[in-house]
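Student: when you get a sec, could you give me coordinates for this:
(3 chains)
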Amino acid sequence: MPIFDFRVRPPYKGFLDTVLFKPGTPTVDLFTKRIGLPYPDSARARSVPDMLAEMDAAGIAKGLVVGRESGVYGSVSNADVIAFCREQGGRFLAAASIDPTRRKPCIAAIDQALKDGFIAINLEPGNYPVPMYTDDRRLYPIYAHCEDRGVPVLIQSGGLAGPDISYTSPVMIEHVCTDFPELKVVAVHGGWPWVHEIIHVAWRRPNLYLSPDVYLCGQTGVEEYVRAANGALARQFLFATTYPLCGFADYLARMRALPFKKEVLERFLWQNAEEVLGLAKS
Amino acid sequence: MPIFDFRVRPPYKGFLDTVLFKPGTPTVDLFTKRIGLPYPDSARARSVPDMLAEMDAAGIAKGLVVGRESGVYGSVSNADVIAFCREQGGRFLAAASIDPTRRKPCIAAIDQALKDGFIAINLEPGNYPVPMYTDDRRLYPIYAHCEDRGVPVLIQSGGLAGPDISYTSPVMIEHVCTDFPELKVVAVHGGWPWVHEIIHVAWRRPNLYLSPDVYLCGQTGVEEYVRAANGALARQFLFATTYPLCGFADYLARMRALPFKKEVLERFLWQNAEEVLGLAKS
Amino acid sequence: MPIFDFRVRPPYKGFLDTVLFKPGTPTVDLFTKRIGLPYPDSARARSVPDMLAEMDAAGIAKGLVVGRESGVYGSVSNADVIAFCREQGGRFLAAASIDPTRRKPCIAAIDQALKDGFIAINLEPGNYPVPMYTDDRRLYPIYAHCEDRGVPVLIQSGGLAGPDISYTSPVMIEHVCTDFPELKVVAVHGGWPWVHEIIHVAWRRPNLYLSPDVYLCGQTGVEEYVRAANGALARQFLFATTYPLCGFADYLARMRALPFKKEVLERFLWQNAEEVLGLAKS
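Tutor: The predicted model follows:
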């Protein structure tokens, strides 16, 4: 059974300047201490070959590389993201991160990214110096543009998605899913902590995909996510390590220890990612 | 131990034109697939005698027939609802569905319904072409009218109660319960997915009754509902199959499998419904 | 292992006039019936010596006495609170309750309280005749004053913290924690019923402390609170009986029956309270 990791940040170029590769800082500690997994050796060594070896050892065949264009958490350029993916020759796919605060340059950046080979768009509306809510009207032309082109959108909409917990309120991503019914929307961080509520929204909105990533590790609500996946939401959950916040084998072992049904786990680990990204049909 | 089903929609006249009796449609599938129960044979056969036989077999003595007056989900006329109940000679009681968007005709419709033998009023504020929130001020004269007459109100306030999840926000039904303390308010769909929050509201507002119906079947939060029922909310939970979405025996078996205390289960299956509807005193 | 009780209301002077010492009233019944613990003998006898004996028997070494200055739930004067603490010679510490509705008298009352020996300030913004939300701008000068002086603030922000459930919405206390990052904020009643959400906020805001008190007794979400305490929030949970709503030994037995890790239980019962109140350094 192959595995697709929906959120990988390799130790490469611009990624190395981000806080993700600074273990021991409060931001990284906030996660690693809570999750209880060791910071990966390959990340500490800042070594791409070591990272690839760790992926191989864990049986993770493919990954989506997600950069960042965020005033609050810093940036990794799309150029670095696509360069990495090209170097690795097809093992990695690329999500382009964009600044949505100015419409015309943003639309141009999306068009350029699609020409360059990116297959998804990544947005963090709450993490700009002047944060936006997920359903801010200024984002609607961007969502429309992506829906018209069949491009899935990743939206940071759980966890630390903005200045306060209101930025993860589940009604906002429901608005997006409802108003753009053909847009595939990935809720990065799975809408946590609004566990019951996001499960309801995902049940009602089949174009919403949940990627709870670090919030499936020792966090409250884990059992409810798994129950939902085992029930009506089998095709809407995505496996994502958030490497380097979690090591590949360690995170995978945690997921295998959860009571997923066998066929649901297979979908979670591979098929759902293929469907969201439209890989099966290509 | 007799059983009272707080939400029955028989295969009769106007009900047959609703989506409920169109298995295989996306709306019905959304529920039946998640719930995991087979669509009832009697509903597939569109047969009232078969339905009655299924109720008998399950030991369900009585039922509340709830029609619908909703722009979004269609309508079943009060005439059809009361005709069915009269034909069945006392086994079924009737809730009248009304359009609350125009005050004077609505009040007149309530008065007429009470004359006609209806014993409860059913509202779906969020499912009109121009949806209203549960605590919309335009509903307040209607709530006042019902409170003054001792008529319980069923409010669609969980699940798909409006265009988005904001229509189930628990503060709204709390406003109604607080501002009309003698009005008996039934939260149809039990406030799901706001599980913890609606339990708090029900604990604080003894005139609120929870009828989680399909959301007690394999859904997240089931254990918390049962724990609350076994604790302070023993007299505030109602048994409702939502037939034809669930079959009588199948749904009942699911409820019996939940860890209700014996005396709580008895209240849930019968006594609470009698108290809400004022049957014990008549 | 000594134990610190973060919320004690002794049968003494003004406390005796409050509803807390009127068992059988609806307000007290609402709690005691749900919690399922007997009303303490010492409270029924209205006897301070009996209360002290019950504390001794339970091994509770110290307590924080919290009065009340609330239009809705009545008041206990700061004079009575500090008099009790002085009489008991160091076993009890005092939180001063203030009326935040007028800024200048409130600031003066805080300054006076600190001179008189109080070590924390207690606020119930939602329980005034004209209730305020926890993050009301009129409270911000008060929070600033306390932050500047290193005085922890107790905020009634869960349970019956105002006229309706909106007064416990978790974003409000997050605003306070974010805007006053050096202020120690105690969420009295632990943010219940917003269990998942307040756990998220506490994880993100290390200056937030959760005191779920009666809402750790047989209430929904208990397991999630304990899991969070056993994980990232070990230093942010406080033990509080809310005596006389719960008896000391009975409440403690309930807490010991929960699956806290040993070292987490020790922090919960003692060390966290010491740290919040700055006792360890004195």
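Student: for the stretch 151-282 of chain A, which segments count as strands?
Tutor: A:153-156, A:185-188, A:208-211 (DSSP state E, counting those that start in this stretch).
Student: ok, A:Gly117 touching A:Ile82?
Tutor: Yes: using CB atoms under 8 Å, A:Gly117 is in contact with A:Ile82, at 5.9 Å. Backbone N, C-alpha and C define where each C-beta goes, glycine included.
Student: what is the one helix or strand A:Pro49 maps to packed up against?
Tutor: A:Pro49 is part of helix A:48-58, with elements assigned from DSSP states H and E. Judged by 3 or more CB pairs under 8 Å, 6 or more residues apart in numbering or on different chains; DSSP states H and E, helix A:48-58 is in contact with helix A:41-44, helix A:248-257.
Student: pull out the buried residues from the helix or strand just after that helix.
Tutor: Sequence order places strand A:60-66 as the next helix or strand after helix A:48-58, per DSSP H and E. Of all the residues in strand A:60-66, those buried under the rule 16 or more other CB atoms under 10 Å in any protein chain shown are A:Ile60, A:Lys62, A:Gly63, A:Leu64, A:Val65, A:Val66.
Student: for chain C, see how far away the closest residue to A:Asp29 other than its chain neighbours is.
Tutor: Using CB to CB, 6 or more residues apart in numbering or on different chains and skipping residues adjacent in sequence, the residue nearest A:Asp29 is A:Pro23, 7.9 Å away. Going from A:Pro23 to chain C by CB to the nearest CB, to the nearest Å gives 17 Å.
Student: circling back to that earlier point, quick one: contacts of the helix holding A:Pro49?
Tutor: The set of residues external to helix A:48-58 that reach it, using CB atoms under 8 Å, 6 or more residues apart in numbering or on different chains, is A:3, A:5, A:10-12, A:40-43, A:63, A:88, A:243, A:247-249, A:252.
Student: got the residue ranges for the strands in the stretch 1-150 of chain A?
Tutor: Counting by DSSP E, counting those that start in this stretch, the stretch 1-150 of chain A has strands at residues A:3-8, A:60-66, A:68-70, A:74-76, A:92-97, A:120-123.
Student: can you tell me which of those is nearest to chain C?
Tutor: strand A:68-70 (16.7 Å; CB to the nearest CB).
Student: ok, back up a step: if you count neighbours, what's buried in the helix holding A:Pro49?
Tutor: Applying 16+ other CB under 10 Å to helix A:48-58 flags A:Val48, A:Asp50, A:Met51, A:Leu52, A:Glu54, A:Met55, A:Ala58 as buried.
Student: in contact with A:Lys33, which residues?
Tutor: C:Ala232.
Student: per-residue pLDDT, A:Leu139?
Tutor: Note for A:Leu139: predicted pLDDT of 97.
Student: interface residues of chain A facing chain C?
Tutor: A:30, A:33-34, A:36, A:159-160, A:163-166, A:192-196, A:218-221 (CB under 8 Å from any CB of the partner chain).
Student: if we can go back for a sec, of A:Gly117 and A:Ile82, which one has the most company?
Tutor: The residue with more neighbours, out of A:Gly117 and A:Ile82, is A:Ile82; 20 against 12, by other CB atoms under 10 Å in any protein chain shown.
Student: so the more buried one versus A:Tyr73, what's the distance?
Tutor: Noted for A:Ile82: a distance of 20 Å to A:Tyr73, by CB to CB, to the nearest Å.
Student: same check, this time on A:Ile155
Tutor: Following CB to CB, the distance that separates A:Ile155 from A:Tyr73 is 15 Å.
Student: re the thing from before, so which of the helices and strands packed on helix A:48-58 gets nearest B:Leu208?
Tutor: Within the helices and strands packed on helix A:48-58, the stretch nearest B:Leu208 is helix A:248-257; the backing value is 39.2 Å (CB to CB).
Student: mind listing what's buried along the closest one?
Tutor: A:Phe248, A:Ala249, A:Asp250, A:Tyr251, A:Leu252, A:Arg254, A:Met255.
Student: quick one, longest helix in chain A?
Tutor: Ranked by number of residues, the top helix in chain A under DSSP state H is helix A:103-116.
Student: what's the mean pLDDT across that helix?
Tutor: Mean pLDDT, computed over helix A:103-116, is 96.
Student: just checking, what packs against it?
Tutor: Using 3+ CB pairs under 8 Å, 6+ apart: helix A:103-116 touches helix A:78-87, strand A:92-97, helix A:140-149.
Student: returning to that earlier point: and for the residue nearest to A:Asp29, the neighbour number?
Tutor: Neighbours of A:Pro23 (other CB under 10 Å): 16.
Student: tell me who's in contact with it.
Tutor: A:Asp29, A:Thr32, A:Tyr39, A:Ala43, A:Arg44.
Student: distance of the residue of chain A positioned farthest from its centre relative to chain B?
Tutor: Within chain A, the residue lying farthest from the chain centre (CA atoms, centre = their mean) is A:Lys104, at 24.9 Å. Distance of A:Lys104 to chain B, given as CB to the nearest CB: 30 Å.
Student: roughly how far does the closest residue to A:Phe84 other than its chain neighbours sit from A:Phe21?
Tutor: With CB to CB, 6+ apart as the criterion, A:Phe84 has its nearest non-adjacent residue at 4.9 Å, and that residue is A:Tyr12. As judged by CB to CB, A:Tyr12 and A:Phe21 stand 10 Å apart.
Student: for A:Ile173, same thing?
Tutor: Counting by CB to CB, the gap from A:Ile173 to A:Phe21 is 29 Å.
Student: which of these two has more neighbours?
Tutor: A:Ile173 (28 against 19).
Student: where's A:Arg7 relative to A:Asn78, distance?
Tutor: Where A:Asn78 is concerned, A:Arg7 sits at a distance of 16 Å (CB to CB).
Student: what of A:Trp194?
Tutor: A:Trp194 sits 30 Å away from A:Asn78, taking CB to CB as the criterion.
Student: kindly report the same for A:Leu245.
Tutor: 21 Å.
Student: then A:Asn127?
Tutor: Distance from A:Asn127 to A:Asn78, counting by CB to CB: 17 Å.
Student: which of the residues of chain A next to chain C fall within helices?
Tutor: Per DSSP H, the subset of the residues of chain A next to chain C in helices is A:Leu30, A:Lys33, A:Arg34, A:Val195, A:His196.
Student: give the ChimeraX command for selecting the buried subset of the residues you listed.
Tutor: To isolate the buried members of those in ChimeraX, using 16+ other CB under 10 Å:
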select /A:30,34,195,196
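Student: for the stretch 101-250 of chain A, give me the ranges with low pLDDT.
Tutor: In the predicted model, the stretch 101-250 of chain A carries no residue with pLDDT under 70.
Student: next one: stretch A:273-282 to chain centre, how far?
Tutor: 16 Å (CA atoms, centre = their mean, to the nearest Å).
Student: could you report the pLDDT at A:Thr27?
Tutor: Reported pLDDT at A:Thr27 in the predicted model: 84.
Student: for the nearest residue to it once chain neighbours are set aside, what are its contacts?
Tutor: Leaving aside its sequence neighbours, A:Thr27 sits nearest to A:Val19 (CB to CB, 6+ apart; 4.8 Å). Counting by CB under 8 Å, 6+ apart, A:Val19 touches A:Thr25, A:Thr27, A:Val28, A:Tyr73, A:Gly74.
Student: A:Val151 too?
Tutor: A:Ile110, A:Leu114, A:Ile119, A:Ala120, A:Ile121.
Student: the fourth one: how many residues sit nearby?
Tutor: Right, the one you point to is A:Ala120. Neighbours of A:Ala120 (other CB under 10 Å): 23.
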